[in-house]
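A.B. asks: A predicted structure for the sequence below; I have some questions about it.
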2 protein chains.
Amino acid sequence: MSESNLKIPNLTMTMKRTSSTVQINNQETLFNPINSKRAFEAVSTEIKKLIFKGTLKPGDRLPSEIELARQFGVGRQTIREALRLLELSGFIKTQKGVMGGPIIVDTILNTLSNSLLDAIQMKKITIYELTVARVEIEKVVLSYVIKNAEDSDIKILEENIHKAKKKIEDGIQAFDENIQFHKLLAKASRNHVFTIMVEPIMAVVADFLSRFEQNLEHSKKVILAHEDILKAITEKRGEKAISLLEDHLLEVRNRLQVFIDQSRD
Amino acid sequence: MSESNLKIPNLTMTMKRTSSTVQINNQETLFNPINSKRAFEAVSTEIKKLIFKGTLKPGDRLPSEIELARQFGVGRQTIREALRLLELSGFIKTQKGVMGGPIIVDTILNTLSNSLLDAIQMKKITIYELTVARVEIEKVVLSYVIKNAEDSDIKILEENIHKAKKKIEDGIQAFDENIQFHKLLAKASRNHVFTIMVEPIMAVVADFLSRFEQNLEHSKKVILAHEDILKAITEKRGEKAISLLEDHLLEVRNRLQVFIDQSRD
DNA sequence: TCACATTTGTCCGTATGTATC
DNA sequence: AGATACATACGGACAAATGTG
């Protein structure tokens, strides 16, 4: 399949001080400006650059560790540590075996969700904060859905509801579909920033909601709320849609209240 | 200072299948349930557990790599790869030298912002999308600033403006301070989720703005806008503040119009 | 200032397991 | 089934940084 006699461009250790991509460290970040970049960081950054530039795309195979070590002019351990960074950041996965090696993927949003969970476990973020932010962001998202959504988006949302209803008819809960609905809404806003922000939040919300014993009645209720919202969207009744969404989200928030109370302070 | 004759509890390779932390894989994650956990992942998970449990707290020093390798019954390379995961996740930093070693820190929120930045760069988000999202998110943020900001937050914002003004008087642009103002606003919302979201957005905005030749006149204008906004905040005039912010951001957006036109489609 | 010990950073060689052909 | 190519992992070695006496 994917050709992989890739030559990492002429970076054979051109990396002395890769003028790092956009930095966040403007100020007071108690971090690394002192620590001259380590080799594995430089390698990781170089590969990331190639991915950002589009030279490397999901599905592409990187050369094997040994070959990477040769091309970058570093040892294998360095390459391995660089790959660990890329893997944890959601840029690559590794496959063992003969046609294996590092493969470019795009699972950054998963990565984000996991980090969010870590942050919650470390109590740096409370579920209260998260749900508050969720409501606000989704309200904004919805206003852009009404502005920007195309027929295809509406169709996808309708399919989501349809699938959910079918499950209910079969006596199965539609948990995943109901979470998915909100992610699809974000996509329908046609703004990737919103998509990126909503995805990990919904993953965490799903994680917490899944700890309740769900029941069919509730699933059904959620679907009906989604249906109403979608209807208001198609009718371009913006304010109606937003108020429906708000009601819906506040109800979900109440169901999470147990967790919220636990984490509020 | 920090004692570090820590003995990692009796985990001398008890890790066969550490029942992985909270999972997110609800759906379509094409991921790892098959792949039996690798040694460095197991080590990483064990150490993370100790951090979550509170056994290890920020400031604590972990044993040296060699000692960790001994205690876990694995090689040093495995320990190093585990440390890379923990480092990138914001749980530890490493210091060289005699009193060095892995040290527990808590920079998870930074990690989150960095991941968001990766996602933004990966999705090839247009400046148009970015500025649209920025305006909306900052408006929400500001409404929470007015609700939640404490005197200390206001003070910090005032200091920011003061510092910026001083720079202008000295004939120096106050670029960083003017970017910082928006990050500080996010912090003053007292919702960490907003803080995390605004950070990468401002990083990208700063990156684009820095490509213009800035001038003192403009810097000054920006500071005055910030000052007006802050004044409206302290006077609890919410709507006024928001409309001022909106004007300000739209003006910035106009300055970016060149790029926006280029990237709009 | 100058050794000295400690610890990360890095390289190399080797062995093993595993997936593919 | 056997050969191949790859990740995974171990151990030894040395350089570089850093704090101590």
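C.D. replies: Looks like it arrived, so ask away.

A.B. asks: give the contact list for the spatially most central residue of chain A.
C.D. replies: Residue closest to the average C-alpha location in chain A (C-alpha atoms, centre = their mean): A:L109, at 2.1 Å. Residues touching A:L109, when contacts are defined by C-beta atoms under 8 Å, 6 or more residues apart in numbering or on different chains, comprise A:90, A:196, A:199-200, B:119. Just so you know, the C-beta spots here come from the backbone N, C-alpha and C atoms, and that holds for glycine as well.

A.B. asks: 10 Å instead, please
C.D. replies: With contacts taken as C-beta atoms under 10 Å, 6 or more residues apart in numbering or on different chains, A:L109 has the following neighbours: A:90, A:183, A:195-196, A:198-200, A:203, B:24, B:29, B:115, B:119, B:122-123.

A.B. asks: Let's see which of these end up in strands.
C.D. replies: When DSSP state E is applied, the contacts of A:L109 are split such that none fall in strands.

A.B. asks: Make sure A:A232 is actually in contact with A:E246.
C.D. replies: No - judged on C-beta atoms under 10 Å, A:A232 makes no contact with A:E246 at a distance of 11.9 Å.

A.B. asks: Find the residues that touch each one of those two.
C.D. replies: Residues touching both A:A232 and A:E246 comprise A:L142, with contact defined as C-beta under 10 Å, 6+ apart.

A.B. asks: out of the two, which sits in the more crowded spot?
C.D. replies: A count of neighbours by other C-beta atoms under 10 Å in any protein chain shown puts A:A232 above the other of A:A232 and A:E246, at 20 against 15.

A.B. asks: list the contacts for the more buried one?
C.D. replies: Applying C-beta under 10 Å, 6+ apart as the definition, the contact partners of A:A232 turn out to be A:142, A:146, A:238-245.

A.B. asks: residue ranges of the strands in the stretch 51-200 of chain A, please?
C.D. replies: Assignment of strands within the stretch 51-200 of chain A using DSSP state E, counting those that start in this stretch yields the ranges A:92-95, A:101-104.

A.B. asks: Can you give me the buried ones in the longest helix along chain A?
C.D. replies: When chain A is scanned for its longest helix (criterion: DSSP state H), the result is helix A:127-148. Taking 16 or more other C-beta atoms under 10 Å in any protein chain shown as the neighbour-count basis, helix A:127-148 is seen to contain the buried residues A:127-146.

A.B. asks: A:F175: how many residues sit nearby?
C.D. replies: A total of 19 residues lie near A:F175 under the criterion other C-beta under 10 Å.

A.B. asks: That one and A:L209, how far apart?
C.D. replies: Separation of A:F175 from A:L209 (C-beta to C-beta, to the nearest Å) stands at 8 Å.

A.B. asks: overlap in contacts of these two?
C.D. replies: Listed contacts common to A:F175 and A:L209 are A:H218; contacts here mean C-beta under 10 Å, 6+ apart.

A.B. asks: thinking again about what came up before, any chance of CSV for the strands of the stretch 51-200 of chain A, columns mean pLDDT and mean neighbour count?
C.D. replies: Compiled in CSV, the strands of the stretch 51-200 of chain A are given as follows (pLDDT from 0 to 100; neighbours: other C-beta atoms under 10 Å in any protein chain shown):
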stretch, mean pLDDT, mean neighbour count
strand A:92-95, 95, 18
strand A:101-104, 96, 20
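
A.B. asks: The ones you listed into CSV, with extra columns for distance to chain B?
C.D. replies: Formatted as CSV, the entries for these read as follows, by distance: least, C-beta to the nearest C-beta, whole Å:
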stretch, distance to chain B
strand A:92-95, 8
strand A:101-104, 11
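
A.B. asks: Let's have these in a markdown table, adding distance to DNA strand D.
C.D. replies: Below are the strands of the stretch 51-200 of chain A laid out as a markdown table (distance: least, C-beta to the nearest atom of the strand, whole Å):
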| stretch | distance to DNA strand D |
| --- | --- |
| strand A:92-95 | 4 |
| strand A:101-104 | 4 |
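
A.B. asks: Leaving out sequence neighbours, find the closest residue to whichever residue of the stretch 151-265 of chain A sits closest to chain B.
C.D. replies: With C-beta to the nearest C-beta as the measure, A:V193 is the residue of the stretch 151-265 of chain A nearest to chain B, at 3.7 Å. With C-beta to C-beta, 6 or more residues apart in numbering or on different chains as the criterion, A:V193 has its nearest non-adjacent residue at 3.7 Å, and that residue is B:A133.

A.B. asks: if I pick that neighbour, what's in contact with it?
C.D. replies: B:A133 makes contacts with A:137, A:140-141, A:144, A:189, A:191-197, B:120, B:125, B:197, B:201, as judged by C-beta under 10 Å, 6+ apart.

A.B. asks: List of residues touching the helix or strand bottoming out on mean pLDDT in chain A?
C.D. replies: Using mean pLDDT, DSSP states H and E, the weakest-scoring helix or strand in chain A turns out to be helix A:257-263, at a mean of 72. Outside of helix A:257-263, the residues within contact range by C-beta under 10 Å, 6+ apart are A:120, A:123, A:125-132, A:208-209, A:211-212, A:253-254, A:256, A:264.

A.B. asks: Alpha carbons of stretch A:210-220, as CSV, please.
C.D. replies: Once non-C-alpha atoms are left out, stretch A:210-220 reads as follows in CSV (Å, rounded to 0.1, in the frame of the first residue of the first chain):
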residue,chain,number,x,y,z
SER,A,210,-21.8,6.6,31.1
ARG,A,211,-21.3,6.1,34.8
PHE,A,212,-25.0,6.4,35.4
GLU,A,213,-27.3,3.5,34.6
GLN,A,214,-29.0,4.9,31.6
ASN,A,215,-32.5,3.9,30.7
LEU,A,216,-34.6,3.9,27.6
GLU,A,217,-36.9,6.5,28.8
HIS,A,218,-34.2,9.0,29.2
SER,A,219,-32.6,8.2,25.9
LYS,A,220,-35.9,8.7,24.3
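
A.B. asks: Which residues does it contact?
C.D. replies: Where contact means C-beta under 10 Å, 6+ apart, the residues beyond stretch A:210-220 that reach it are A:164-165, A:167-169, A:171-179, A:209, A:221-222, A:251, A:255-256, A:258-259, B:22-23, B:26.

A.B. asks: chain center to that stretch, what's the gap?
C.D. replies: Centroid separation between stretch A:210-220 and its chain, computed with C-alpha atoms, centre = their mean, to the nearest Å, is 24 Å.

A.B. asks: in that stretch, what's buried?
C.D. replies: By 16+ other C-beta under 10 Å, the buried positions in stretch A:210-220 come out as A:214, A:218-220.

A.B. asks: Kindly reformat the residues you listed as TSV containing secondary structure and pLDDT.
C.D. replies: As requested, these are arranged in TSV below (DSSP: H, G, I helix; E, B strand; the rest coil; pLDDT from 0 to 100):
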residue	secondary structure	pLDDT
A:Q214	coil	77
A:H218	helix	89
A:S219	helix	91
A:K220	helix	93
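
A.B. asks: With adjacent residues omitted, what lies nearest to A:I156?
C.D. replies: In space, A:I156 is closest to A:L184, 5.8 Å off (C-beta to C-beta, 6+ apart).

A.B. asks: cool, A:L230 as well?
C.D. replies: Nearest residue to A:L230 in three dimensions, chain neighbours excluded: A:L157, at 5.4 Å (C-beta to C-beta, 6+ apart).

A.B. asks: Good, wrapping up.
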